[in-house]
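Participant: can't give you the sequence, but here's the structure:
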C-alpha cells in the first residue's frame, strides 16, 4: 500500500511539473516577439520588443502578454557601438508602441538599452544586442545579459 501511495505522489508531482513548465517560461517577461523584432533578455514583468527600420526604432510594451498603453511613457534609448554611443528620447506612437528616431541606423552588434518610465511611476529597462539571438538570464546562469559591462546609459527622466 505504501509503494502505491509513493507512486501516486510521484505521478502527481511529475504531472504538475510538466503542466507548469511551459507557464514558467512566460511568467517573467520571456515572451516571443509579435512584430518581428527582438525581445529584451533581462526578463522581468514588462516585455519590451525592439523593431528597427533604419534610423527608426519601435518598442512594443507588454505586461505578462497584455499590451501597456504607451501614451504617457517617457524615456531614452541608448546605443553603444564600439567606443561611440548616443541617446535619443522615446515618443508615444499609439497603442503599446513608442518610437525613437536615431541619428544613425542600427548595426548588428550595437548594444541597446531602453530606459522607460510609466505614468504610474514604475520604470523598466529593455536590453538588447541588435541582430543577435536572445539568451535569457536565468537563476542558474547568465546569458548575454551580463556581457554589457560598463555600459550605463543615462536614466530615463519624466517631465511634469
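Facilitator: Done, it's in. Predicted, not measured: the structure shown is a model, and the values here were computed from it. Numbers count the residues shown, from 1 in each chain.

Participant: can you count the residues close to residue 83?
Facilitator: For residue 83, the neighbour count with other Cβ atoms under 10 Å is 5. In this view, the C-beta of every residue, glycine as well, is placed from N, C-alpha and C.

Participant: please read the previous query as pertaining to residue 50.
Facilitator: By other Cβ under 10 Å, 23 other residues sit near residue 50.

Participant: with the one 4 residues further on instead?
Facilitator: Residue crowding around residue 54 was assessed by other Cβ under 10 Å; the count is 10.

Participant: identify the residues contacting it.
Facilitator: Counting by Cβ atoms under 8 Å, 6 or more residues apart in numbering, residue 54 makes contact with residue 105.

Participant: and it, how close does it get to residue 46?
Facilitator: 26 Å (Cβ to Cβ, to the nearest Å).

Participant: pretty sure residue 78 contacts residue 85?
Facilitator: Yes - contact criterion Cβ atoms under 8 Å: residue 78 and residue 85 qualify, at 6.5 Å.

Participant: compare those two (neighbour count), which wins?
Facilitator: residue 78 (20 against 15).

Participant: what bridges to that one?
Facilitator: As for beta bridges, residue 78 partners with residue 87, residue 113 under DSSP bridges.

Participant: check residue 92 too.
Facilitator: residue 98.

Participant: need the pLDDT of it.
Facilitator: Here, the pLDDT recorded for residue 92 equals 95.

Participant: what's near enough to touch it?
Facilitator: By Cβ under 8 Å, 6+ apart, the residues touching residue 92 are 70-73, 98.

Participant: let's see 10 Å
Facilitator: 69-74, 98-99 (Cβ atoms under 10 Å, 6 or more residues apart in numbering).

Participant: quick check: which ranges of the protein have low pLDDT?
Facilitator: 1-31, 41-44, 133-160 (pLDDT under 70).

Participant: what segments of it are strands?
Facilitator: When secondary structure is read from DSSP state E, the chain shows strands at 38-39, 46-53, 56-63, 66-67, 74-81, 84-89, 91-92, 97-101, 111-117, 123-129.

Participant: could I get those strands as CSV with distance to residue 32?
Facilitator: As requested, those are arranged in CSV below (distance: least, Cβ to Cβ, whole Å):
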stretch, distance to residue 32
strand 38-39, 7
strand 46-53, 9
strand 56-63, 11
strand 66-67, 15
strand 74-81, 22
strand 84-89, 27
strand 91-92, 24
strand 97-101, 17
strand 111-117, 19
strand 123-129, 15
